[in-house]
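Novice: no FASTA, just this:
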DNA sequence: ATAGGTGCAAAGAGTTTGCATATAA
DNA sequence: TTATATGCAAACTCTTTGCACCTAT
């Protein structure tokens, strides 16, 4: 589990300015579960009433570039974002739209496939499950 | 490996009309590798000079609904589409943009995680790897 | 001091929708 | 015959860009 100061340090090291807006976006990424840019924007307006969606997108893009944020591009709707921390997989409920984090069982074997016998250079990978969660199935 | 007539039968069964446009879209899905809607549209214009992108999107949407097509939503760019046939995983090269099909090693163990101890109803899943392919790494 | 960030508005890309015409069944 | 598909254009959503002003370093 990454800490907030680890993220902020990383941002500084990578040459990103630590504006109050950016700091709060990072805080929200720790508080919210897989938020969309718009969700972050809405939460931001409580503390920064005049913030722009463009600022949110711009910050998320930079955080993605330095590798502390992952973008989850979900088919027909808007992207969700998460801190690129531990290795985990996602379950996407088609009824309520909730995204659940799941623990991998054997990530190493999976990664071996992704490297294609060493032929490919692997940066990252994602595992996404789709279906109906326990709550919605009841 | 699904056959073209299997797909067309399925479409008929599901109440979709077999128009010449739709038949050719299906043919293109067999010929092309993970095409975008726009790629299919461009190929379609050779045979149907006045076809509309809307028709392509509409057909892909219906094929997705009846489960013969999968949409691969790729982050910041447009979606790619593929026939929902065999169980396979993808490697996405960030340099050339190519999408490679990979053979799963142990899909069952993976699916077991996705079912979350039987709590979730699993429709489907995807495994996406990101990195640099052999060709671009040379 | 100044490179980089912010907020605003406008532009862009991809996808969907409304509607009149055409057509598969 | 008639419910559904097509093609066109316009609309929509999400995201990016341009620019003048501001601010973290």
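Specialist: Received the coordinates, thanks. None of these values were measured; they are calculated from a predicted model. Numbering: from 1, shown residues only, chains lettered A, B, ... in the order given.
Novice: Close to DNA strand D: what parts of chain A are there?
Specialist: A:12, A:17-20, A:36-38, A:53-54, A:57-58, A:61, A:73, A:77-79 (Cβ under 7 Å from any atom of the strand). In this view, the C-beta of every residue, glycine as well, is placed from N, C-alpha and C.
Novice: relative to strand B:121-132, how tilted is the longest strand along chain A?
Specialist: Among the segments of chain A that qualify as a strand by DSSP state E, the longest is strand A:121-132. Following axes from the mean of the first three to the mean of the last three Cα atoms, to 10 degrees, one obtains 160 degrees for the angle between strand A:121-132 and strand B:121-132.
Novice: C-terminal to strand A:121-132, what's the next element?
Specialist: Toward the C-terminal end, the helix or strand that comes next after strand A:121-132 (DSSP states H and E) is helix A:134-137.
Novice: Output the below-cut-off pLDDT ranges for chain A.
Specialist: Applying pLDDT under 70 to chain A picks out residues A:1, A:75-76.
Novice: Just want the most central residue of it.
Specialist: residue A:82 (1.6 Å; Cα atoms, centre = their mean).
Novice: The strand or helix carrying it and chain B in contact?
Specialist: Taking DSSP H and E as the definition, residue A:82 sits inside strand A:80-83. No: judged by Cβ under 8 Å from any Cβ of the partner chain, strand A:80-83 stays clear of chain B, getting no closer than 11.5 Å.
Novice: re earlier: now for the longest strand of chain A, which elements pack on it?
Specialist: strand A:69-72, strand A:89-93, helix A:107-114, helix B:107-114, strand B:121-132 (3 or more Cβ pairs under 8 Å, 6 or more residues apart in numbering or on different chains; DSSP states H and E).
Novice: Select, out of these, the one closest to residue A:127.
Specialist: Checking the helices and strands packed on strand A:121-132 against residue A:127 by Cβ to Cβ gives strand A:89-93 as the closest, at 3.9 Å.
Novice: and the closest one, how far out from the chain's middle?
Specialist: In this view, strand A:89-93 has its centroid 13 Å away from the chain centroid, taken as Cα atoms, centre = their mean, to the nearest Å.
Novice: Tell me which of the helices and strands packed on strand A:121-132 sits nearest to residue A:47.
Specialist: strand A:69-72 (19.5 Å).
Novice: And chain B, is that closest one touching that?
Specialist: Yes: Strand A:69-72 comes into contact with chain B (Cβ under 8 Å from any Cβ), by way of residue A:71.
Novice: From the contact counts, what lies against that strand?
Specialist: Strand A:69-72 packs on helix A:53-65, strand A:80-83, strand A:121-132, going by 3+ Cβ pairs under 8 Å, 6+ apart.
Novice: could those go into CSV alongside distance to DNA strand C?
Specialist: Converted to CSV, the helices and strands packed on strand A:69-72 look like this (distance: least, Cβ to the nearest atom of the strand, whole Å):
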stretch, distance to DNA strand C
helix A:53-65, 3
strand A:80-83, 15
strand A:121-132, 16
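Novice: Just put the ones you listed in a markdown table and tack on distance to residue B:113.
Specialist: As requested, the helices and strands packed on strand A:69-72 are arranged in a markdown table below (distance: least, Cβ to Cβ, whole Å):
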| stretch | distance to residue B:113 |
| --- | --- |
| helix A:53-65 | 26 |
| strand A:80-83 | 18 |
| strand A:121-132 | 8 |
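Novice: domains for chain A, by residue range?
Specialist: Listed domain ranges for chain A are A:4-83, A:89-137 (source: automatic domain parsing).
Novice: For chain A, what lies in contact range of chain B?
Specialist: A:71, A:73-76, A:79, A:89, A:91, A:93-94, A:100, A:102-106, A:109-110, A:112-114, A:116, A:119-134, A:137.
Novice: Report the buried members of these.
Specialist: A:71, A:73-74, A:79, A:89, A:91, A:93, A:100, A:102, A:104, A:110, A:113-114, A:116, A:120-122, A:124-133 (16 or more other Cβ atoms under 10 Å in any protein chain shown).
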